[in-house]
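[1] Sequence first, predicted model second:
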Number of protein chains: 4
Amino acid sequence: MGTLVADKTLGANGGGKRAPGRPRSEQARQSILHSTLKLLHDVGFAELSIEAIAADADVGKATVYRWWPHKAALVADAFLSSAELELQFPDTGSVRSDMKLQMKQLIRILRGRRGGIVAALIGGGQSDPELIKAFRERFVRPRRQEAYATLRRAIERGELPRNLDLDLTLDALYGPIYMRFLFRHDCLNARFVNEICDLVIDGLAMPSLGR
Amino acid sequence: MGTLVADKTLGANGGGKRAPGRPRSEQARQSILHSTLKLLHDVGFAELSIEAIAADADVGKATVYRWWPHKAALVADAFLSSAELELQFPDTGSVRSDMKLQMKQLIRILRGRRGGIVAALIGGGQSDPELIKAFRERFVRPRRQEAYATLRRAIERGELPRNLDLDLTLDALYGPIYMRFLFRHDCLNARFVNEICDLVIDGLAMPSLGR
Amino acid sequence: MGTLVADKTLGANGGGKRAPGRPRSEQARQSILHSTLKLLHDVGFAELSIEAIAADADVGKATVYRWWPHKAALVADAFLSSAELELQFPDTGSVRSDMKLQMKQLIRILRGRRGGIVAALIGGGQSDPELIKAFRERFVRPRRQEAYATLRRAIERGELPRNLDLDLTLDALYGPIYMRFLFRHDCLNARFVNEICDLVIDGLAMPSLGR
Amino acid sequence: MGTLVADKTLGANGGGKRAPGRPRSEQARQSILHSTLKLLHDVGFAELSIEAIAADADVGKATVYRWWPHKAALVADAFLSSAELELQFPDTGSVRSDMKLQMKQLIRILRGRRGGIVAALIGGGQSDPELIKAFRERFVRPRRQEAYATLRRAIERGELPRNLDLDLTLDALYGPIYMRFLFRHDCLNARFVNEICDLVIDGLAMPSLGR
DNA sequence: CAATAATCGAGACGGTACGTCACGTCTTCTT
DNA sequence: AAGAAGACGTGACGTACCGTCTCGATTATTG
């Protein structure tokens, strides 16, 4: 649903009308995204060539370039439109277990087949502001919105202090996960998640005595 | 200094002897490393080409290939031999301030001119295992060794519990920094460092009730 | 009027009737021919693209393809429908001056703005039999018919021998002009025309002694 | 021997020395020229693609582009270096037969396998000044030099007038041949050559009465 | 007055070739 | 033996046009 930067055809056409000319082929679009995911998994981001994607998708190279400005944008679209990433935020009645459950879902993705794609996205984004922005806005932000809700419920229940800095909290929770994911210096498992989560939530609960 | 994998000329020649033929040109080596850093900063890892490095360094392409097996190896060498990255670990008598000082040194580097190179290294490393390994072993690990010492001093002083998981602690402290650095979703300043540090150290001090 | 091969709409409809559906747009046709001439002059036959013609003429590409089978057909149509190439054959009472006048008209065209188009037509025709055929039949032949008349008048008057080979004569007169026009090795002026004309007509008048 | 415009390596190196770097591969050059001729004959100039030439010659596309600026230059080189075009100027003691023999050699080439290449050269030259210049200087001029000698011998022998315009004469002789060759409106045979030759030489011999 | 039918513009489609760039290897002469 | 220079075969790049194809809109004739 939509390309990286701004959808050219399917996007801001709320008015009604219809662009003139032959409409974009939805079939080609699907085929391209599918081939991208397939090849991305087979050869990785660096070795991925638009040439190969077009060939695999039985599509003209120009059709790829017509709709995506670079490989990065294409990969981002392919990834993000690939199963709306079954990440749910549970509501168990406890922040601790809510967050632990959610974080474990995340590391399952990161450690799975799609982890390489996330790494490619973040990695590619380091030399492509558009790409990291897309990753942030289309992958990170939606989940963060849900995480806000989880934290706010906890505040309502009195589990967390009223003046909590939500972003700080979430960075403290997820930062260590992404660090291990990207640096690969240590393992990324449920035990790690549990411990980070406890550490951070314990820290938040403190009446911040020594500051 | 040495290259990423194993130095070919300056390495295991401790005995004495001397290879026959013209010796390696130290000037060429310096020039190559310098040009690599310069271009890495300008265009990022992905766009960096050996062709351009050789041209910029006024050096034959073969001279680069003779001494470094990959672009990754060259970049790692260049980065790590660049100004021994003035990161010192202070000893103020308090973990809290020791770590805060150190973390502020780090964000000064990340936000400065060399930040682009670190980002390029981590980003490029996502599609190049050799590169992320070099970054980890030659940049992260040495500093981590010093951080261990800082934490152990705190344990000795009774500031932190004896059974502390050092790696977990350091990931909890540095993870949020790298996350903001890489995702660029929020600012990376002294206030953030202070708060993360307080949060984590407070959390560690808790008698871990709910676990 | 009409296309190269056979006109599809304006052709064999002499009877009366009328095709159903929307009639062909005369305005589009004119616009296409005009743009073709313009671009042909600017960039030559080889570099001429239907894409550019359609864009310049503010016309859909399909409208061009609907009415002309090749680029060659289009170019031939455009050229030949352009200003009916004001070449008249005078009748001064002398072959010599009749032909000189006519040949001077020709070199004025060749040296003028339309010369580039003639060159493009002949040049393009070397790799496109349809094009050279169109040039021959629609540009060369009509003028040759008139030239025959001029020569026949001269024969009647006794200026030229009765058994004259008309085509040979005309090739001897015009060949040198086209050679200089196409090879560009020497200038193409009135003096040259005069001398060629005298040379050939003198030669024709000879009682062919030495053969 | 040498490229169209100016030979880059083998050319103006009269001083002595040697360009640095790996020398140009003579084998690649030969292979490219050979494949060019072969494909030119098979598919014609318009359909000839550099891609196909490189593939046929087992050579990188870049190697072609390194040495020839366009298809035209390549074709010119290929043609002109293909057998130094066995065109000899005989010396029979009579202009008439000298020229007839030579002109018959020419039409044998034009009507043969290589005729298509000449047509492509002249045709392509109509939209490429460099190409027509190359054709003129490397194909036409050398033969014209020899033709001058033939004519001068005739003048010495008293067959032709002393004040003869050599270029005019040669254009009068060859122009009709090229016209028939390019326009293809009539046949190009020995009889035509004989008649043109007689016509022109007769014309030259006239004491130019009517001028 | 509708229905039918061929046109029009626009522009996306699967292709082919373009001319460029960098790859990593090689061949030459010079140091 | 290493140096620079730079040509080599390879292969992907991103672009330009090819000729074909859908679209909705327009403009005629026919029922």
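    Looks like it came in fine.
[2] Determine which residue lies closest to the centroid of chain A.
    Nearest to the geometric centre of chain A sits A:Phe139, at 2.9 Å (C-alpha atoms, centre = their mean).
[3] Against A:Leu131, how distant is it?
    Per C-beta to C-beta, to the nearest Å, A:Phe139 is found 11 Å from A:Leu131. In this view, the C-beta of every residue, glycine as well, is placed from N, C-alpha and C.
[4] and what of A:Gly60?
    24 Å.
[5] Then A:Thr169?
    27 Å.
[6] Please work out which residue of chain A is closest to DNA strand E.
    Per C-beta to the nearest atom of the strand, A:Gly21 is where chain A lies closest to DNA strand E, at 2.0 Å.
[7] State the number of residues packed around that residue.
    Neighbour count for A:Gly21, taken as other C-beta atoms under 10 Å in any protein chain shown: 8.
[8] Which of the helices or strands spans it?
    Using DSSP states H and E, A:Gly21 sits within no helix or strand.
[9] Could you do the one 10 residues further on as well?
    A:Ser31 is part of helix A:26-47, with elements assigned from DSSP H and E.
[10] Next, the buried residues of the helix or strand that that helix is followed by.
    Sequence order places helix A:50-56 as the next helix or strand after helix A:26-47, per DSSP H and E. For helix A:50-56, the neighbour count (16 or more other C-beta atoms under 10 Å in any protein chain shown) marks A:Ile50, A:Ile53, A:Ala54, A:Asp56 as buried.
[11] which among those are in contact with DNA strand F?
    With C-beta under 7 Å from any atom of the strand as the criterion, the buried residues of helix A:50-56 include A:Ile50 near DNA strand F.
[12] Which single one of the buried residues of helix A:50-56 is nearest to chain B?
    Checking the buried residues of helix A:50-56 against chain B by C-beta to the nearest C-beta gives A:Ile50 as the nearest, at 14.7 Å.
[13] ok, that closest one - contacts?
    A:Lys61, A:Val64, A:Tyr65, A:Lys71, A:Leu74 (C-beta atoms under 8 Å, 6 or more residues apart in numbering or on different chains).
[14] isn't the first one right up against A:Ser49?
    No. With contact taken as C-beta atoms under 8 Å, A:Lys61 and A:Ser49 are classed as non-touching, separated by 10.1 Å.
[15] picking that back up, angles on the backbone of the residue of chain A closest to DNA strand E, please.
    Here is the backbone geometry of A:Gly21 (degrees, to the nearest 10): phi 80, psi 170.
[16] That one and A:Leu188: what is the separation?
    Distance from A:Gly21 to A:Leu188, counting by C-beta to C-beta: 48 Å.
[17] same deal with A:Ile117?
    Taking C-beta to C-beta, one finds A:Ile117 at 16 Å from A:Leu188.
[18] thinking again about what came up before, ok, A:Gly60 and A:Leu131, which is more surrounded?
    The neighbour comparison of A:Gly60 against A:Leu131 (other C-beta under 10 Å) goes to A:Leu131, with 23 against 11.
[19] tell me the contacts of that one?
    Contacts for A:Leu131 (C-beta under 8 Å, 6+ apart) come out as A:Leu4, A:His70, A:Ala72, A:Ala73, A:Ala76, A:Leu121, A:Gly124, A:Gly125.
[20] quick one: the residue in chain A that chain C sits nearest to from C:Pro20, how far?
    Closest to chain C within chain A is A:Gly21: 9.4 Å, counting by C-beta to the nearest C-beta. Going from A:Gly21 to C:Pro20 by C-beta to C-beta gives 26 Å.
[21] Can you tell me which helix or strand of chain A has the lowest average pLDDT?
    Scoring the helices and strands of chain A by mean pLDDT, DSSP states H and E places helix A:129-135 at the bottom, with a mean of 83.
[22] just checking, what packs against the helix or strand just after that one?
    Later in the chain than helix A:129-135, the nearest helix or strand by DSSP H and E is helix A:141-156. Helices and strands touching helix A:141-156, by 3 or more C-beta pairs under 8 Å, 6 or more residues apart in numbering or on different chains; DSSP states H and E, are helix A:95-111, helix A:166-183.
[23] Mind checking the pLDDT average for the longest one?
    If I follow you right, that is helix A:166-183. Averaged over helix A:166-183, pLDDT sits at 98.
[24] From the contact counts, what lies against it?
    In terms of contacts (3+ C-beta pairs under 8 Å, 6+ apart), helix A:166-183 is packed against helix A:95-111, helix A:115-125, helix A:141-156, helix A:190-205, helix B:115-125, helix B:129-135, helix B:166-183, helix B:190-205.
[25] what comes up buried for the first one?
    Within helix A:95-111, the residues scored as buried using 16+ other C-beta under 10 Å are A:Val95, A:Arg96, A:Asp98, A:Met99, A:Lys100, A:Leu101, A:Gln102, A:Met103, A:Gln105, A:Leu106, A:Ile107, A:Leu110.
[26] cool, the longest one as well?
    Burial within helix B:166-183, assessed by neighbour count using 16+ other C-beta under 10 Å, is assigned to B:168-183.
[27] tilt between it and helix A:166-183?
    Orientation of helix B:166-183 against helix A:166-183 (axes from the mean of the first three to the mean of the last three C-alpha atoms, to 10 degrees) gives an angle of 100 degrees.
[28] cool, the last one as well?
    Inter-element angle recorded for helix B:190-205 and helix A:166-183: 80 degrees (by the same axes, to 10 degrees).
[29] Can you list the buried residues in helix B:190-205?
    Within helix B:190-205, the residues that count as buried by 16+ other C-beta under 10 Å are B:192-193, B:195-205.
[30] got the angle between it and helix B:141-156?
    50 degrees.
[31] got the residues of chain A near DNA strand E?
    Contact residues, chain A versus DNA strand E (C-beta under 7 Å from any atom of the strand): A:9, A:19-25, A:28-29, A:31, A:58-63, A:66-67.
[32] How about stretch A:65-78 and DNA strand F, any contact?
    Yes. Remark: stretch A:65-78 sits within contact range of DNA strand F at A:Tyr65, A:His70, A:Lys71, by C-beta under 7 Å from any atom of the strand.
[33] contacting residues for the first one?
    Taking C-beta under 8 Å, 6+ apart as the criterion, A:Tyr65 is in contact with A:Ile50.
[34] That one: which element?
    Using DSSP H and E, A:Tyr65 falls in helix A:61-67.
[35] Measure how far that helix is from the centre of its chain, please.
    Offset of helix A:61-67 from its chain centre (C-alpha atoms, centre = their mean, to the nearest Å): 24 Å.
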